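Colleague: Next input, structure requested:
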Amino acid sequence: MIVTTTNGLEGYRIVRHIGVVRGLTVRSRSVVGNIGAAIQILFGGNISVYTKLAEQTRQEAFDLMMAHAEEAGANAVLAMRYDANEIASAVTEVLAYGTAVVVEKIN
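Modeller: Numbers count the residues shown, from 1 in each chain. Model (predicted):
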């Protein structure tokens with residue numbers, strides 16, 4: 001599966017347009033995680049507890065998007081993007097989305 005943030009894919013041509021695919025996950029921060037982050041905040045710098053949570057959440061949304069694309073018969077996702085929104089206190093949704101297509105290499 002090829003995934004790109006661009007609208008086209010150099011060296012390939014689109015032979016079928018499938019449509020929008022997405023992967024959505026909703027995560028919350030645990031009390032233990034918040035305590036660990038609070039300690040890190042006191043010292044400044046990267047808050048690794050939240051960085052790890054954000055990375056895991058994006059990866060999960062990405063994996064769900066990829067599964068959706070594969071189920072639809074795509075071999076590429078173009079114009080891939082992430083979106084995130086806080087939907088409640090300490091609860092965040094992360095959406096990975098893009099356009100599923102079938103591409104073939106240009107000889």
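Colleague: Check the secondary structure at Thr51 for me.
Modeller: helix (DSSP: H, G, I helix; E, B strand; the rest coil).
Colleague: and if you look at Thr6?
Modeller: Under three-state DSSP, Thr6 comes out as coil.
Colleague: Torsion angles phi and psi at it?
Modeller: In terms of degrees, to the nearest 10, the main-chain angles of Thr6 are phi -90, psi 170.
Colleague: What's the separation between it and Gln56?
Modeller: 26 Å (CB to CB, to the nearest Å). C-beta here means a position set from N, CA and C on the backbone, and glycine is covered the same way.
Colleague: more crowded one of those two?
Modeller: Gln56 (13 against 9; other CB atoms under 10 Å).
Colleague: My reading is that that one is in a helix; is that accurate?
Modeller: Yes - when three-state DSSP is applied, Gln56 is found to be in a helix.
Colleague: And it, how far from Gly8?
Modeller: 31 Å.
Colleague: So which other helices or strands are in contact with the one helix or strand Val94 maps to?
Modeller: Using DSSP states H and E, Val94 falls within strand 91-105. Contacts defined by 3 or more CB pairs under 8 Å, 6 or more residues apart in numbering; DSSP states H and E place strand 91-105 against strand 12-28, helix 48-72, strand 76-88.
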